[in-house]
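**Student:** let's see this in three dimensions:
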Amino acid sequence: MGCRLSELILDCRDPELLAGFWCAVLGYTVLDREEGGVEIGPPEGFGGIAPTIIFSPTREPKRGRLRLHWDVSPTDRDQDAELERLLELGATRADVGQTGEESWFVLADPEGNEFCLLRTRIRPARP
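**Tutor:** Residues are numbered from 1 along each chain as shown. Down below sits the predicted model:
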């Protein structure tokens, strides 16, 4: 293997807001704060199985759909229960042209960044 994803960087208007949201969604913790940005990741920190996420501050608003989006899968509950949990955390339903027949839900985080909640339950990413 040549490379592995180690970090994902997302420009956003409110790094603290998104860090809190995504920590709750993924079970991550805040690993670092630097120059207005916030890095979150699994409790074991950088370099583990799952990549860390850096929320980097920008003044520019989001324009249109993201060219890259995240898919998340439930780990300890079914899709319907996870959907309710994500909505309670501040996710909103998003319409990107889906038919309604999909096996996933399209959602948006508090800044409108789209992500999908898949049906398949997977094991947590822990070593």
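**Student:** okay, CA-based contacts and neighbour counts for the rest of this
**Tutor:** Noted.
**Student:** give me the element the residue nearest the centre of the chain is part of.
**Tutor:** The centre of the chain sits closest to residue 22, judged by C-alpha atoms, centre = their mean, with a distance of 5.2 Å. Per DSSP states H and E, residue 22 falls inside helix 15-26.
**Student:** which of the residues in whatever helix or strand comes next after that helix are buried?
**Tutor:** Sequence order places strand 29-34 as the next helix or strand after helix 15-26, per DSSP H and E. By neighbour count on 16 or more other C-alpha atoms under 10 Å, the buried set for strand 29-34 is 29, 30, 31.
**Student:** relative to helix 15-26, how tilted is strand 29-34?
**Tutor:** Put simply, strand 29-34 runs at 160 degrees to helix 15-26, going by axes from the mean of the first three to the mean of the last three C-alpha atoms, to 10 degrees.
**Student:** tell me which residues touch residue 83, please.
**Tutor:** By C-alpha atoms under 8 Å, 6 or more residues apart in numbering, residue 83 lies in contact with 105, 117.
**Student:** surely it forms part of a helix?
**Tutor:** Yes - residue state for residue 83 (DSSP: H, G, I helix; E, B strand; the rest coil) corresponds to a helix.
**Student:** circling back to that earlier point, gap between the spatially closest residue to the residue nearest to the centre of the chain that is not a sequence neighbour and residue 80?
**Tutor:** Using C-alpha to C-alpha, 6 or more residues apart in numbering and skipping residues adjacent in sequence, the residue nearest residue 22 is residue 28, 7.3 Å away. From residue 28 across to residue 80, the span is 22 Å (C-alpha to C-alpha, to the nearest Å).
**Student:** many thanks, have a good one.
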